[in-house]
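Visitor: Need coordinates for the following:
(one chain, ligands or ions: 1)
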Amino acid sequence: MDAILFDFGGTLDSDALPWIDRFDRLYAQAGLAPDRTRFDRAFYDSDDNLPARFRLQGLSLQETLTLQVRCVLNSLAPQRVEQTGPIVQAFLAESRASFRRVRPVLERLSRRYRLGVVSNFYGNLDSVLASEGLRDLFAVVIDSGVVGATKPDPAIFQAALQALGTSPKNTLMVGDSLARDMRGAEALGMPHLWIADLSKPACCHQALRAASVADLEKALAPLRVGIIAAGEGSRLQSSHPETIKPLIPIHGRPLCHWIVDSLRGAGATDFTILFNAKGRQAPDSLRTAFPDLRFSFLERDTASSWESFRLVASTLAQTEGDFLISTVDALVPPSAIRRFVQEARRSGASAALAITSFIDDEKPLWADVSHGRVTALGAQARQKTHATCGLYYMTAEAVQTFPSAEKYGSLREYLSSLVCAGQTAGIVLAKTLDVDRPEDVRQAEAFVTALRS
Ligand SMILES: [Mg+2]
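Guide: Just a heads-up that it's a prediction; the model follows:
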């Protein structure tokens, strides 16, 4: 990715609140509370006709808002036109609070990416941004009123890509509108990040999410992953006696390739993978299949799943503040992995467990979850409706408190102690699949087919 395009209204000037909703509230506060239908009509009449009614070139945000509000008041309540000033001031104050929050983020991003704005605006966005001290952050500003195409028309996005000299796949579109920003980006194959209340369902499997542009860096932070592929896979030995578990074919492709593929789809580029001595062919097969990814491999015949987890997490914590650990048999869709990471990072917890209600395991590790926290694990869990699914979020801080490799006989024992100590987030994912037994292979094939379609 080398460029980021931003929508303006509802993206840079507020956290996902469109102008019409912000104004509706401010008019109501000013004692001008017409019914919403009348207000909408007056607002859109002003909005649609502003460039035809006035010469907007070179006007500041404040001057532009003043004309917009005056037109609305002239149509709604002409006797109250003196309210223009206070309404504009209130709108400006909110917008400027948002600009103060997002400006340092945009400054830092502008050192790594070229930034642009793509907006359905009045034709004077350039001077509007300049008046608020924001214009210098953007290499290009594409205004529908200037280019003659409005989002989601591909032409307006292409104008921005052309001006930046980049391609859709290397550019991220950030915006609050599903119909204009997200669908427009999707149609061109551009990665996109939706600024919206995180409780709303995502627009598609590929979308990144953030509640505010102020949180953008967290959403874009690189994702480092450890994979534990050192287990014996004893339950699969009856059907695949010659093959180690990471290399068991699912639709003719090794299981570990599917796992890496899902994690890559979630944004991971760096992998630390632990194999045992029997897994020596696996590194070459991964390097050949994924020449664009960075791998480092550990080889150890560990005594327990806790020792394996401890080794991978300690290795990653030497260079990373936080990371994911996946077992080699946990098939999770990329969109679910991404949501897991985002929610784990937002939770502020030092560790998080991915939890599923899809239980198809003879030995599930039951987990009770309440208000985003795991409250009990294994034998202590009462509900028996959810279980862990082989995907973990860890921070370097959690690794600092790791006991010795001998302390626990299994990863389950360590996780139980972690949950007892409190502050372990639990994030419930939709269907995930554990590949442990011969009959799981067919299910895994159906699962990956569904993911690809
Ligand atoms: Mg918007």
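
Visitor: Which residue ranges make up each domain of this structure?
Guide: Domain ranges of the chain: 3-13+109-219, 19-92, 221-452, per automatic domain parsing.

Visitor: Save the ones you listed as CSV, and put in distance to the ion and mean pLDDT too.
Guide: Quick note: C-beta positions are derived from backbone N, CA and C, even for glycine. Output for the domains of the chain, formatted as CSV (distance: least, C-beta to the ion, whole Å; pLDDT from 0 to 100):
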stretch, distance to the ion, mean pLDDT
domain 3-13+109-219, 3, 94
domain 19-92, 8, 95
domain 221-452, 21, 90
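
Visitor: okay, those in a markdown table with mean neighbour count next?
Guide: Listed next are those as a markdown table, based on neighbours: other C-beta atoms under 10 Å:
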| stretch | mean neighbour count |
| --- | --- |
| domain 3-13+109-219 | 19 |
| domain 19-92 | 16 |
| domain 221-452 | 18 |
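
Visitor: where do the helices sit along the stretch 51-200 of the chain?
Guide: 61-76, 84-112, 125-131, 144-147, 154-164, 183-187 (DSSP state H, counting those that start in this stretch).

Visitor: picking that back up, which one of the domains of the chain lies closest to Ser98?
Guide: Checking the domains of the chain against Ser98 by C-beta to C-beta gives domain 3-13+109-219 as the closest, at 5.2 Å.

Visitor: and the closest one, how far apart are its ends?
Guide: End-to-end distance for domain 3-13+109-219, by C-alpha to C-alpha, to the nearest Å: 15 Å.

Visitor: between the helices of the stretch 51-200 of the chain, which gets nearest to Ile227?
Guide: helix 84-112 (27.4 Å).

Visitor: Tell me how far the closest one lies from the chain's centre.
Guide: On the basis of C-alpha atoms, centre = their mean, to the nearest Å, helix 84-112 sits 23 Å off its chain's mean C-alpha point.

Visitor: which other helices and strands contact it?
Guide: For helix 84-112, the elements it packs on are helix 19-29, helix 61-76, helix 216-220, judged by 3 or more C-beta pairs under 8 Å, 6 or more residues apart in numbering; DSSP states H and E.

Visitor: Include distance to Thr166 when you put those helices into CSV, please.
Guide: Below are those laid out as CSV (distance: least, C-beta to C-beta, whole Å):
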stretch, distance to Thr166
helix 19-29, 29
helix 61-76, 28
helix 216-220, 16
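
Visitor: Which stretch among these approaches Leu106 most closely?
Guide: helix 216-220 (8.6 Å).

Visitor: Beyond the closest one, next helix or strand please.
Guide: Per DSSP states H and E, the first helix or strand lying C-terminal to helix 216-220 is strand 223-229.

Visitor: Just checking: what are the partner strands of that next one?
Guide: Taking DSSP bridges as the criterion, strand 223-229 sits next to strand 268-275 (parallel), strand 322-327 (parallel) in its sheet.

Visitor: Could I get the helices of the stretch 51-200 of the chain in JSON lines, plus columns for distance to Thr356?
Guide: Output for these, formatted as JSON lines (distance: least, C-beta to C-beta, whole Å):
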{"stretch": "helix 61-76", "distance to Thr356": "48"}
{"stretch": "helix 84-112", "distance to Thr356": "34"}
{"stretch": "helix 125-131", "distance to Thr356": "45"}
{"stretch": "helix 144-147", "distance to Thr356": "44"}
{"stretch": "helix 154-164", "distance to Thr356": "37"}
{"stretch": "helix 183-187", "distance to Thr356": "28"}
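
Visitor: Out of these, which is closest to Thr269?
Guide: helix 84-112 (14.7 Å).

Visitor: Give me the most central residue, the chain.
Guide: Central residue of the chain (C-alpha atoms, centre = their mean): Leu208, 3.4 Å from the mean position.

Visitor: Identify the residues contacting the spatially closest residue to that one that is not a sequence neighbour.
Guide: Closest residue in space to Leu208, ignoring its immediate chain neighbours: Leu193 at 4.0 Å, by C-beta to C-beta, 6 or more residues apart in numbering. By C-beta atoms under 8 Å, 6 or more residues apart in numbering, the residues touching Leu193 are Leu172, Met173, Val174, Gly175, Ala207, Leu208, Arg209, Ala210, Leu216, Ala219.

Visitor: Closest to Asp47 out of the residues you listed?
Guide: Gly175 (17.7 Å).

Visitor: who's Ala367 bridged to?
Guide: The partner residues for Ala367, given DSSP bridges, come to Leu377.

Visitor: my read: it touches Ala379, true?
Guide: No: applying C-beta atoms under 8 Å, one finds Ala367 not in contact with Ala379, separated by 11.6 Å.

Visitor: could you measure the residue lying farthest from the centre of the chain against Val260, distance?
Guide: Distance from the centre of the chain peaks at Gln79, with 47.6 Å (C-alpha atoms, centre = their mean). With distances taken as C-beta to C-beta, to the nearest Å, Gln79 is found 67 Å from Val260.

Visitor: hang on, the residue nearest to the centre of the chain packs against His192?
Guide: Yes: counting by C-beta under 8 Å, Leu208 does reach His192; the two are 7.1 Å apart.

Visitor: tell me, what's touching the two both at once?
Guide: Residues touching both Leu208 and His192 (C-beta under 8 Å, 6+ apart): Leu172.

Visitor: Who are the contact partners of Ala214?
Guide: Here Ala214 is in contact with Asp15, Arg101, Val102, Val105 (C-beta under 8 Å, 6+ apart).

Visitor: Buried ones among the residues you listed?
Guide: With neighbours counted by 16 or more other C-beta atoms under 10 Å, the contacts of Ala214 contain buried members at Asp15, Val102, Val105.

Visitor: for the first one, helix, strand, or coil?
Guide: Going back to what we said before, that points to Asp15. coil (DSSP: H, G, I helix; E, B strand; the rest coil).

Visitor: Please, which helix or strand holds Pro283?
Guide: Using DSSP H and E, Pro283 falls within helix 282-289.

Visitor: roughly how far is that helix from the heart of the chain?
Guide: For helix 282-289, the separation from the chain centroid amounts to 28 Å (computed by C-alpha atoms, centre = their mean).

Visitor: what does that helix contact?
Guide: 229, 244, 246-247, 254, 256-257, 260, 271, 273, 275, 293, 295, 297.

Visitor: hmm, back to that, so what's the residue nearest to the centre of the chain up against?
Guide: Leu172, Pro191, His192, Leu193, Trp194, Ala219, Leu220, Arg338.

Visitor: can you list the residues you listed in a markdown table and add distance to Cys389?
Guide: Formatted as a markdown table, the contacts of Leu208 follow (distance: C-beta to C-beta, whole Å):
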| residue | distance to Cys389 |
| --- | --- |
| Leu172 | 29 |
| Pro191 | 26 |
| His192 | 27 |
| Leu193 | 26 |
| Trp194 | 25 |
| Ala219 | 23 |
| Leu220 | 25 |
| Arg338 | 15 |
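
Visitor: Please save the CA atoms from stretch 412-425 in CSV.
Guide: Output of stretch 412-425 as CSV, limited to C-alpha atoms (Å, rounded to 0.1, in the frame of the first residue of the first chain):
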residue,chain,number,x,y,z
ARG,A,412,-4.7,-25.3,28.5
GLU,A,413,-3.2,-25.2,32.0
TYR,A,414,-1.4,-21.9,31.1
LEU,A,415,-4.5,-20.3,29.6
SER,A,416,-6.5,-21.3,32.7
SER,A,417,-4.0,-19.6,34.9
LEU,A,418,-4.1,-16.5,32.7
VAL,A,419,-7.9,-16.4,32.9
CYS,A,420,-7.8,-16.8,36.7
ALA,A,421,-5.5,-13.8,36.9
GLY,A,422,-8.2,-11.8,35.1
GLN,A,423,-8.1,-9.3,32.2
THR,A,424,-8.1,-11.8,29.4
ALA,A,425,-10.4,-10.6,26.6
